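Chemist: Everything below, folded, please.
(one chain, ligands or ions: 1)
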Amino acid sequence: MEMDICYGGVPSKIPQNSMGIRGYDYIEFYVGSAKQVAFWHAKALGLNIVAYQGPETGTRDRVSYLLSNKHNMKIMITSAIQPSTYDVQSFIHKHGDGVKRWCVEVVNVNETYSKAIKNGAVPVTKPYRLEDKDGFVEQAAIRLYDDTEINFINYDHYKGLFKPGFEEPFYNFEIRREESNLKIIDHIVGNVHVNEMDYWENYINRSLDFETFIFFGPGDISTKYSALLSKVVRSKDSVIQNPINEPFDAERQSQIEEYTQQYHGSGIQHVALATTNIIETVANLRANGIEFLDAPPKTYYDDIKRRSEERGGLVTEDIDELARLGILCDIEISSGGYLLQLFTKPIFDRPTFFYEIIQRRKGASGFGQGNFLALFEAIEREQARRGNL
Ligand code: FE2
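Modeler: Residues are numbered from 1 along each chain as shown. Model (predicted):
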């Protein structure tokens, strides 16, 4: 029986933070063809299309597919269907397919939004109400990196499927695939330009009353060729965790710099999805055709075996099985737990956005610091193939 909490903080109807944030709600992608990207999330990532908005439901300028599963982990995929759908068209024209916004569920949208603005957040959308026969949903948005947003949302007074404008999907196909059993969004990572990390750290901490949890300075994260700086900001109850990366000078182009060049701006680099059985999840995602970064060499796993044994057999998973699936393992000195994780290759055409699959074991609270070298060397092999290293 799996007894671990699978993420840093437990989302709660009664928040333990000053902003009334209950937890991550959903991320929304703006893409060229929502139908195709929704299909990928269903067929490969193992989610179900549960709600749809488009011309059939009275929305003339865009289509959105909401994907979810029995654990209520939500991802939305949106495309423009008119040249004049400016927010979507301008976003993908510049950035390609990517994450436009992440949404957090809050107790009171008006209160969270007013506090954020008073604390220095840049307003994007003032609180407003979407209504239909099933009640109402309230939303508001503040600015994040470049064209990215943070949305606040509340569904307490809504009994419908998702929110007004959405209906049962018309997209009816039979999906054969293996189940992924993804539980929740664990963390969301931003890549920003040189000298922007501190700005966004301060912005998020001030606006949302978050705190800086970890800081990786010059020399902490580097390979032979490239380097980066990273800070993790989080809500004080850890339900929201957001690492922010910035490129740092090195011999060759940093992977963060490759991102900001290819994305043409700062934005979301990856979203980590938590499972409570990473071996099963990754085996199934591989069977579904998802491409992951190359596995580290055998010596990496020999080292994990030795360190696990030194700690009385800390890692209870079969380490040969982890090696076979290419799953990384970070034994954390600070928490005494360990973190299992694996990264997909970029899921769109540009080398920008990717997913992380993560499992936190025995109280692990970090982000895989011990794996940075193995991970970044794997990313650099991909960068070199693209001619961007
Ligand atoms: Fe991550």
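
Chemist: Quick check: Glu309 vs Ile319, distance?
Modeler: As defined by CB to CB, to the nearest Å, Glu309 lies at a distance of 10 Å from Ile319. The way it works is simple: take the backbone N, C-alpha and C, and place the C-beta from them, glycine included.

Chemist: More neighbours: those two, which one.
Modeler: When Glu309 and Ile319 are compared on other CB atoms under 10 Å, the one with more neighbours turns out to be Ile319, at 17 against 12.

Chemist: Look up phi and psi at the more buried one.
Modeler: Torsion angles at Ile319 (phi, psi; degrees, to the nearest 10) stand at phi -70, psi -30.

Chemist: Kindly report the same for Thr276.
Modeler: According to degrees, to the nearest 10, Thr276 has phi -110, psi 10.

Chemist: Just the element for Lys100, please.
Modeler: Using DSSP states H and E, Lys100 maps to strand 98-106.

Chemist: How about the residues of the stretch 201-350 of the chain by the ion?
Modeler: Residues of the stretch 201-350 of the chain that fall close to the ion, judged by CB under 5 Å from the ion: Ala272.

Chemist: For the ion, what's its nearest residue on the stretch 201-350 of the chain.
Modeler: Minimum separation of the stretch 201-350 of the chain from the ion (CB to the ion) falls at Ala272, amounting to 4.4 Å.

Chemist: I'd like to know how far that residue sits from Glu257.
Modeler: With the distance defined as CB to CB, Ala272 ends up 22 Å from Glu257.

Chemist: The lengthiest strand in the chain packs against which elements?
Modeler: The residue-count maximum for a strand in the chain (DSSP state E) belongs to strand 211-222. If you count contacts as 3 or more CB pairs under 8 Å, 6 or more residues apart in numbering; DSSP states H and E, strand 211-222 packs onto helix 197-208, strand 227-234, strand 241-248.

Chemist: Pipe these into JSON lines and attach mean pLDDT per row.
Modeler: Listed next are the helices and strands packed on strand 211-222 as JSON lines, based on pLDDT from 0 to 100:
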{"stretch": "helix 197-208", "mean pLDDT": "97"}
{"stretch": "strand 227-234", "mean pLDDT": "91"}
{"stretch": "strand 241-248", "mean pLDDT": "93"}
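
Chemist: Please, where are all the helices along this protein?
Modeler: Taking DSSP state H as the test, the helices found in the chain are 34-43, 86-95, 109-118, 197-208, 255-263, 278-287, 298-310, 319-325, 372-386.
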